[in-house]
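> sequence first, predicted model second:
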Amino acid sequence: MKPEERLIVALDYETETPALELARRLEGRVKIFKIGSQLFTACGPSVVEKVRRTGAEVFLDMKFHDIPNTVAGAAVSAARLGVFMMTMHASGGPEMLRKAREAVEKTSGRRPLLLAITVLTSMNAELLAAVGFKNDVKTTVLSLAALAKENGMDGVVSSPEETALLRAGLGRQFTLVTPGIRPQGSAVGDQKRIAAPASAIAAGADYLVVGRPITAAPDPVAACEAILAEIKEAVK
């Protein structure tokens, strides 16, 4: 995988106009854009098609979590949009994960990568305990990731703090997508478990998700190029 193919820029906007403007400005530099629940809910499936028209791939980050049949149907609908990757919560359980994989495999066209959400990067040990998880963050992440792999997921989304543990435990072929990426000097925001691009790459991340350090930068193109330079240096 080329260094420039490892960066995913999150289009976390309220409306499609600034999202599409950024996608066009970064055309040729960024190969994958993430569309999450805010933009998708505001604009609908058409925004996926419009981003794809720029020549980029789409990571649809809807974090599906529902009864198995409902998630399977949602996954098929997402696959028909031509997305490159999509997400669902590992905590939805083995049947939900398996049915989503089986349903997508029956869909014609390219099969997207199916990624499980383990523990959100906004969560730390205290917040995890508050919602009823008894184990610490790393143990919970590894347990959910193993469940995801056993039930047909291609990889997981997890914070930089767990990347090395997941790579060692689940192997080289399991895809690791790492949000919470903050270049030196960036604001932390609401993320609790973060890392610089080079550290995440060194730990074994396949893809890095970057949002506000690029989207909120005075010059998003320059910010993007600086992060790409960090990635290229890290993978030498």
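That came in fine, so what should we check first?
> mind listing what's buried in the longest strand along the chain?
Counting residues, the longest strand found in the chain (DSSP state E) is strand 57-64. Within strand 57-64, the residues scored as buried using 16 or more other Cβ atoms under 10 Å are 57-64. In this view, the C-beta of every residue, glycine as well, is placed from N, C-alpha and C.
> with stretch 108-125 instead?
For stretch 108-125, burial by neighbour count (16+ other Cβ under 10 Å) applies to 112-121, 123.
> repeat for stretch 35-51
Buried residues in stretch 35-51, counted by 16+ other Cβ under 10 Å: 35-36, 39-40, 43, 47-48, 51.
> got it, and stretch 13-21?
For stretch 13-21, the neighbour count (16+ other Cβ under 10 Å) marks 13, 16, 19-20 as buried.
> make TSV from the residues you listed and add secondary structure to it.
Shown next, in TSV, are these (DSSP: H, G, I helix; E, B strand; the rest coil):
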residue	secondary structure
Tyr13	coil
Glu16	helix
Ala19	helix
Leu20	helix
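> same list, those, but as CSV with pLDDT please.
Converted to CSV, those look like this (pLDDT from 0 to 100):
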residue, pLDDT
Tyr13, 95
Glu16, 96
Ala19, 98
Leu20, 98
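> wait, which of those is closest to Pro179?
Minimum distance to Pro179 across the buried residues of stretch 13-21 is 16.6 Å, recorded for Tyr13 (Cβ to Cβ).
> quick one: contacts for that closest one?
Neighbour list for Tyr13: 19, 22, 38-39, 215 [criterion: Cβ atoms under 8 Å, 6 or more residues apart in numbering].
> how does it look with 10 Å?
Contact analysis of Tyr13 by Cβ atoms under 10 Å, 6 or more residues apart in numbering lists 19-22, 35-36, 38-39, 42-43, 47, 215.
> taking these one by one, which sit in helices?
19-22, 38-39, 42-43, 47, 215 (DSSP state H).
> tell me where this protein has helices.
Using DSSP H, helices in the chain cover 16-25, 37-43, 46-52, 68-80, 94-105, 125-130, 137-150, 160-170, 197-203, 212-215, 220-234.
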